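> Curious how this folds, go ahead:
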Amino acid sequence: MKKEKFKTSVGGQALIEGIMMRGPRQVCTAVRRPDGGIETKLDPVTTFSWQKIPLVRGVLSMIESLIVGYRCLMYSAEISMGEEAFEAEESKLDKWINEHLGEKAQNFVMSLAAVLGGMLALVLFMVLPTTIVGLLGKVLPLEGVRALLEGVLKIAIFIGYLALVRNMKDIKRMFRYHGAEHKTIACYEAGEELTVENIRRHSRFHPRCGTSFLVLVILISILVSSLLPWSSTGLRIVLKLLTLPVVMGISYELIKLAGRYDNILTRIISAPGLWIQRLTTSEPDDSMIEVAIAAVKPVLPENWEDSLW
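Residues are numbered from 1 along each chain as shown. Coordinates of the predicted model:
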């Protein structure tokens, strides 16, 4: 019997030739092997007390997602390339860490890489626009439009970055897996059987997506930044860094709201992210949908009510 349409907490992430799906209790990583088979790996979901604290959970969830996502990404690279090919691609530093320091050191390196990735994003989307506008303000009359120009630069850098990387071969395929992930979740939320034929009919755009979250972070940060002083470029950057946890907390609560309800307000909240998903998702082929099915089925609870958002 077909279930009624509902909103689920199940979500995922596109990987290299694979997909990670996260359910209420388990995380499953499914990757297409070089021989054509699908490799899956199950891990338990770790729960924390802060996940119930509004605003606070947004920042910590982002950090945790970066760490878990990077770990799954490295696993997908190893499986999709084949163990021998992956070892051949490993740097001397990676091999030394594996041989001498063990799994704990590997986890530390993965966590460090995730944090460094976050710091790079801060430089690109926060420090760089503020610095550029600050320098322009010294030679051009920008009074009254500095915050607007800064926001425009921030959005331009974000869209330009996505437009650039989506043309890379591996990223292009990853964005197709991203589309397969969204379609599969949409099919599950529609209460339909998870088959390639059913999934193919659904939209590749989904309101509860990491892309939409990042778009909300940028938009909310523009609003908050408009209230900050321009007396010093350095001071402005510091203040933006201090207010970032608040921005991320608000954005997280909005994305949860948009993922839970369907009304005029949530459609307005979701619209910018759904537009940008045209850059970060593409239509998958059937083999990619098969990987999405392999990733999502192990994490679905026996009673579908347990996965309600």
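> my read: residue 76 touches residue 15, true?
Yes: checked against Cβ atoms under 8 Å, the pair residue 76 and residue 15 is within contact range at 3.7 Å. Backbone N, C-alpha and C define where each C-beta goes, glycine included.
> Now do the shared contacts for those two.
Any residue near both residue 76 and residue 15 by Cβ atoms under 8 Å, 6 or more residues apart in numbering counts here, and that gives 29, 31.
> what about the nearest residue to residue 129 once chain neighbours are set aside, distance to residue 23?
With Cβ to Cβ, 6 or more residues apart in numbering as the criterion, residue 129 has its nearest non-adjacent residue at 4.0 Å, and that residue is residue 153. For residue 153, the distance to residue 23 (Cβ to Cβ, to the nearest Å) stands at 39 Å.
> Could you do residue 132 as well?
43 Å.
> what about those two, which has more around it?
Between residue 132 and residue 23, counting by other Cβ atoms under 10 Å, residue 23 is the more crowded of the two (21 against 15).
> Please list all residues in contact with the more buried one.
Taking Cβ under 8 Å, 6+ apart as the definition, contacts of residue 23 comprise 9-10, 45, 296, 298-301, 307.
> at 6 Å instead, please
For residue 23, the contacting residues are 10, 299-300, by Cβ atoms under 6 Å, 6 or more residues apart in numbering.
> Do a quick rundown of the helices in the stretch 101-250 of the chain.
Remark: helices assigned in the stretch 101-250 of the chain by DSSP state H, counting those that start in this stretch are 102-122, 128-136, 146-165, 169-189, 196-200, 210-225, 233-260.
> For residue 62, which of those is the nearest?
helix 233-260 (5.9 Å; Cβ to Cβ).
> tell me the angle of that closest one relative to helix 210-225?
Using axes from the mean of the first three to the mean of the last three Cα atoms, to 10 degrees, the inter-axis angle of helix 233-260 relative to helix 210-225 is 130 degrees.
> Just the element for residue 31, please.
Assignment of secondary structure by DSSP states H and E places residue 31 within strand 26-32.
> Work out the gap between that strand and the centre of the chain.
Between the centre of strand 26-32 and the centre of its host chain there is 16 Å, according to Cα atoms, centre = their mean, to the nearest Å.
> Please name the strands paired to that strand in the sheet, noting orientation.
Each strand pairing with strand 26-32, determined using DSSP bridges, is listed with its direction: strand 18-22 (antiparallel), strand 38-44 (antiparallel).
> mind checking pLDDT for the closest residue to residue 44 other than its chain neighbours?
Leaving aside its sequence neighbours, residue 44 sits nearest to residue 26 (Cβ to Cβ, 6+ apart; 6.1 Å). Here, the pLDDT recorded for residue 26 equals 92.
> Residue 26 and residue 81, how far apart?
For residue 26, the distance to residue 81 under the criterion Cβ to Cβ works out to 25 Å.
> Buried ones among the contacts of residue 23?
Buried residues within those, counting neighbours by 16 or more other Cβ atoms under 10 Å: 10, 299-300.
> From those, pick the one nearest residue 216.
Of all these, the one sitting nearest residue 216 is residue 10; the distance, using Cβ to Cβ, is 20.5 Å.
> rewinding a little: tabulate the contacts of residue 23 (JSON lines), appending distance to residue 204 and pLDDT.
Formatted as JSON lines, those follow (distance: Cβ to Cβ, whole Å; pLDDT from 0 to 100):
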{"residue": "10", "distance to residue 204": "16", "pLDDT": "90"}
{"residue": "299", "distance to residue 204": "20", "pLDDT": "94"}
{"residue": "300", "distance to residue 204": "20", "pLDDT": "93"}
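> quick one: which of those residues is nearest to residue 158?
Looking at those and their distance to residue 158, the nearest is residue 10, at 26.9 Å (Cβ to Cβ).
> dump the residue contacts of residue 182.
When contacts are taken as Cβ under 6 Å, 6+ apart, residue 182 is in contact with 204, 206.
> so residue 78, which of the three states?
Classification of residue 78 by DSSP: H, G, I helix; E, B strand; the rest coil places it in helix.
> could we number from 58 for the rest of this?
OK, 58 is where the count begins now, so the last one is residue 135.
> Could you tell me the average pLDDT over stretch 139-158, please?
Stretch 139-158 comes out with an average pLDDT of 56.
> Oops, could you answer that again for stretch 120-133 instead?
86.
> Going by neighbour count, which residues in that stretch are buried?
Within stretch 120-133, the residues that qualify as buried by neighbour count (16+ other Cβ under 10 Å) are 121-133.
> Narrow those to those in helices?
Counting by DSSP state H, the part of the buried residues of stretch 120-133 found in helices is 121-133.
> Of those, which pair is most distant in space?
By the measure Cβ to Cβ, 121 and 133 form the most distant pair in these, at 18.4 Å.
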